[in-house]
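Q: Quick one, structure for this:
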Amino acid sequence: MSYYASSDAASTTQPSDSCKGTPSISQPTKSVPIPSSNNTSPDNPVTPNNPTQTQLTVGNKNPTHSLPPTSQLGKKRKLTSSVWDHFDRINRNGDDFAIFHHCKSSLKANSKNGTKSLHNHIEKFVYAPTPHTEEELVRHLMDSFTKWNIETKISTITVDNCSTNDGLIFIVLEKLYGDLLCDGTILHMRCCAHILNLIVKDGLSTIKHSLARIRDSVAFWSATPQKVENFEEVAKQLKLSYGKKSSLDCKTRWNSTYLMLQTAIQYKDVFPRLRIREKHYTNVPTELDWELANKFAEILQHFYAITQLFYGRKYPTTNCFFIQICELRINMVEWMNSDDEIINAISSKMFEKFEKYWSVVHIVLTVAVILDPRYKMKLVEFYFPMIYGENAWSEIEQVKTTCYNLLTDYQSQIKSKSHGTSILPTQVIETQASMTLNMSNLVAFLSSSSTNIHVKFELDHYLDEPILPWIQ
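A: All right, here's what the predicted structure looks like:
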């Protein structure tokens, strides 16, 4: 069985980007995070979930506590379940919600839902006290693997891109080597959401001065209700619809920066007018600032659309966002060849980072797409010639070889387990001439030969079948 992590699965060596982060490993049912030292939150695009936690998938538990209603005969009942030690209860528009202390997730908390969902959410977490060193994190991961009996079922581990996680993967690889598919070559998967975050940060650095002036302006005119009223008044004088208010971004979350720019650009003519009204407002964005912001926002909308596919998913999504990733790479090449020097400068820096990670994750991403019966090899054959040109078919063959190797490994693991529980002629057999022969090598050879033929036939049959029809 294949296990996927917070964003989906991948491969080999990690390019070095220094940052804090922790791994996330998952299984098809439930998740168990390990906190890390990152100061991020669930809406940070570094990961669709909170990147400060490691996710492990485990089997279901069945807590039976019931959640008392918020009021009974006009009186609020006492929260007796121990689950409330980990949650704060709040009321929003008449509905009760439970806010988890560790990840700030919001869960429904009325009597109809009970506390089972709260218990299930707690079971997703494994507390890892400091220090968050490679050895300590590996110890927590291995303990969790052993506890849920999945140490022989791991195929990939998805982690953020940092040196600590590189070391962590190396140690896990040594411990699990004999049980890993393809000898562990696909164990290390980089978090796609975090990769996009690093790419966008490189792009933002090219317009940091213009961005600072726009951010200061938005902060100045959203600081007090009086300033908000003045801003709205000037916007109406210029016949601009004020349906969407400007909101200050968080510097560590580029998606909030994109939303801030998207709104501020609509009101760019308002800011110079406001300078006449307010003598303390001096850091007004220039026309060049708005030009840079507008062009960069056009680029960011492609990244923003992809990150939306990462959020709120309870199943692997690689096959869902692979098309957008390929389109993004093709667009970045076009931007680099643009006559616009601004677009060229921004995209060149971002493309360099993109290629750094694409080279180590694209194989596993492509395998996931091939196993989607809507695409199979068709999607690969469509995009790879546009991405690799004359080298496309060698890349396609490399992906197909990986598919065959994976299936062969799966088949051999199943065979080895069945051999361990059945009576096979692998023991020492005495012949009539009192000769002692060890048949284990012969049995292994015959089994592997028939297995390879079966796997190849099965995969070829799958690839030769027509893809599932698309519903527009």
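
Q: hey, where'd the strands end up in the stretch 51-200 of the chain?
A: Listed in chain order, the strands of the stretch 51-200 of the chain (DSSP state E, counting those that start in this stretch) span 87-92, 95-100, 106-108, 157-159, 188-190.

Q: Please name the strands paired to the second one in the sheet, noting orientation.
A: By that I understand strand 95-100. If you go by DSSP bridges, strand 95-100 pairs up with strand 87-92 (antiparallel), strand 106-108 (antiparallel).

Q: Tell me which of those strands lies nearest to Lys153.
A: strand 106-108 (28.8 Å; C-beta to C-beta). (C-beta placed from N, C-alpha, C; glycine too.)

Q: least reliable of the strands paired with strand 95-100 going by mean pLDDT?
A: Mean pLDDT is lowest for strand 106-108 out of the strands paired with strand 95-100, coming in at a mean of 77.

Q: Run through who's touching that strand.
A: With contacts defined as C-beta atoms under 8 Å, 6 or more residues apart in numbering, strand 106-108 is touched by Phe87, Asp95, Asp96, Phe97, Ala98, Ile99, Phe100, Asn113, Ser117, Leu118, His121.

Q: now do stretch 196-210
A: For stretch 196-210, the surrounding residues in contact (C-beta under 8 Å, 6+ apart) are 17, 44-46, 161, 211, 254, 257, 285-286, 288-289, 292-293, 296, 299-300, 303, 306-307, 345-347, 349-350, 352-354, 357.

Q: If we use 6 Å, what do you get?
A: Contacts of stretch 196-210 with the rest of the structure, by C-beta atoms under 6 Å, 6 or more residues apart in numbering, involve 45-46, 254, 289, 292, 296, 303, 345-346, 349-350, 353-354.

Q: By neighbour count, which of those wins?
A: Val46 (29 neighbours; other C-beta atoms under 10 Å).

Q: gap between the host helix or strand of Cys403 and the chain center?
A: In this assignment (DSSP states H and E), Cys403 forms part of helix 392-421. Computed by C-alpha atoms, centre = their mean, to the nearest Å, the chain-centroid distance of helix 392-421 equals 25 Å.

Q: And it, what's buried?
A: Going by neighbour count (16 or more other C-beta atoms under 10 Å), the buried part of helix 392-421 is 392, 395-396, 399-400, 402-403, 405-409, 411-412.

Q: Domain-wise, how is the chain divided?
A: 23-57+127-190, 62-122, 192-375 (automatic domain parsing).

Q: how about those domains in a markdown table, adding distance to Tyr383?
A: As requested, the domains of the chain are exported to a markdown table (distance: least, C-beta to C-beta, whole Å):
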| stretch | distance to Tyr383 |
| --- | --- |
| domain 23-57+127-190 | 20 |
| domain 62-122 | 36 |
| domain 192-375 | 4 |
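
Q: highest average neighbour count across those?
A: domain 23-57+127-190 (a mean of 20; mean count of other C-beta atoms under 10 Å).

Q: could you dump the buried residues of helix 392-421 to a markdown table with pLDDT and distance to Glu327?
A: A markdown table is the format used below for these (pLDDT from 0 to 100; distance: C-beta to C-beta, whole Å):
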| residue | pLDDT | distance to Glu327 |
| --- | --- | --- |
| Ala392 | 92 | 16 |
| Glu395 | 92 | 17 |
| Ile396 | 93 | 18 |
| Val399 | 91 | 19 |
| Lys400 | 90 | 23 |
| Thr402 | 90 | 23 |
| Cys403 | 90 | 23 |
| Asn405 | 88 | 28 |
| Leu406 | 88 | 26 |
| Leu407 | 87 | 29 |
| Thr408 | 85 | 33 |
| Asp409 | 85 | 32 |
| Gln411 | 80 | 35 |
| Ser412 | 79 | 37 |
